[in-house]
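K.L.:
Mind folding the following:
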Amino acid sequence: MNETTSFNECCSYVTALMQAKARPEEAQPAPAITIARQAGARGRTIGKKLQCALRDGSPQDPIPWTFFDEDLVEKVLKDHDLPTSLAKFMPDDSVSEIDSTINEILGRHPSLWTLFEQTVESMVHLCHMGHCILVGRGGNKVAEGLSNVTHVRFVGTLPQRIKQMVNAHGMSSKEAKQYIKQEDHARQRYMKNHFHCDVEDPLHYDLVINTDHYSDEAVVQVVLSAVAAKQAG
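P.N.:
I've put the predicted structure just below:
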């Protein structure tokens with residue numbers, strides 16, 4: 001699935017939300033999922049397959065299950081009437097506070113804290129509406145008080161994650177190892193700086209899965225069971 005298709009799905013999701021507002025609220029909010037992942041643990045790949053499985057399992061849902069990864073940034077910018085050029089300042093890890101302050105003084109973009117607050121606002125809204133899969137950006141902490149949201153984390157051993165990056169993205173083993181190190185540290189910093197927590201703490205998640213030992217399809221089935229159990233409980 002290409003990025004244009006993915007973004008169009010997000011636009012369709014927003015349209016469905018607007019139509020749903022005209023109907024009476026459900027007694028129980030629709031389920032939602034947050035995904036945290038170590039680099040190379042197949043978080044995006046599994047997340048997209050999870051979306052497909054959820055859509056196939058409920059084809060009549062007025063609000064289609066929608067996957068938000070990079071598209072979340074585009075939604076945040078659109079929600080708050082911000083220029084798309086700000087996307088580069090909104091990765092899982094953020095540019096330095098020094099760079100942010102200088103650019104804010106020069107009027108180039110809002111402060112990092114403002115962008116973070118706006119991201120959280122959009123994520124909370126999505127989780128309240130349900131039928132969304134949010135990847136990264138501390139979704140598990142943003143929505144930890146919402147009973148309709150299932151929080152999942154994917155992990156794996158370093159050799160397997162290196163192998164995944166080599167096979168999926170054509171990196172050398174050295175490049176993959178360096179990439180994984182940088183990404184994992186960036187995500188650790190993001191969670192520590194914004195939520196004062198350790199991204200590796202399993203108590204922050206409903207489910208932690210070592211993807212070394214399971215196919216994408218097997219992981220999807222485990223997550224589906226967890227979502228169903230949480231809704232039933």
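K.L.:
Per-residue pLDDT of the closest residue to V142 other than its chain neighbours, please?
P.N.:
Nearest non-adjacent residue to V142, counting by CB to CB, 6 or more residues apart in numbering: M123, 4.8 Å away. For glycine as for every other residue, the C-beta is placed from the backbone atoms N, C-alpha and C. Per-residue confidence for M123 comes out at a pLDDT of 82.
K.L.:
likewise F67?
P.N.:
Reading off the model, F67 has pLDDT 88.
K.L.:
Would you list the phi and psi of the residue nearest to it when sequence neighbours are not counted?
P.N.:
Spatial nearest neighbour of F67, excluding adjacent residues (CB to CB, 6+ apart): Q51 at 4.4 Å. Dihedral pair for Q51: phi -60, psi -50, per degrees, to the nearest 10.
K.L.:
one step back: the residue nearest to V142 and M129, how far apart?
P.N.:
11 Å (CB to CB, to the nearest Å).
K.L.:
Show me which of the two is the more surrounded one.
P.N.:
Neighbours per residue, other CB atoms under 10 Å: of M123 and M129, the larger number sits with M123, 24 against 19.
K.L.:
Scan the chain for its longest helix.
P.N.:
helix 173-195 (DSSP state H).
K.L.:
how about it: buried residues?
P.N.:
A176, K177, Y179, I180, E183, D184, R187, Q188, Y190, M191, H194 (16 or more other CB atoms under 10 Å).
K.L.:
Show me what that helix is packed up against.
P.N.:
Helices and strands touching helix 173-195, by 3 or more CB pairs under 8 Å, 6 or more residues apart in numbering; DSSP states H and E, are helix 139-142, helix 158-169.
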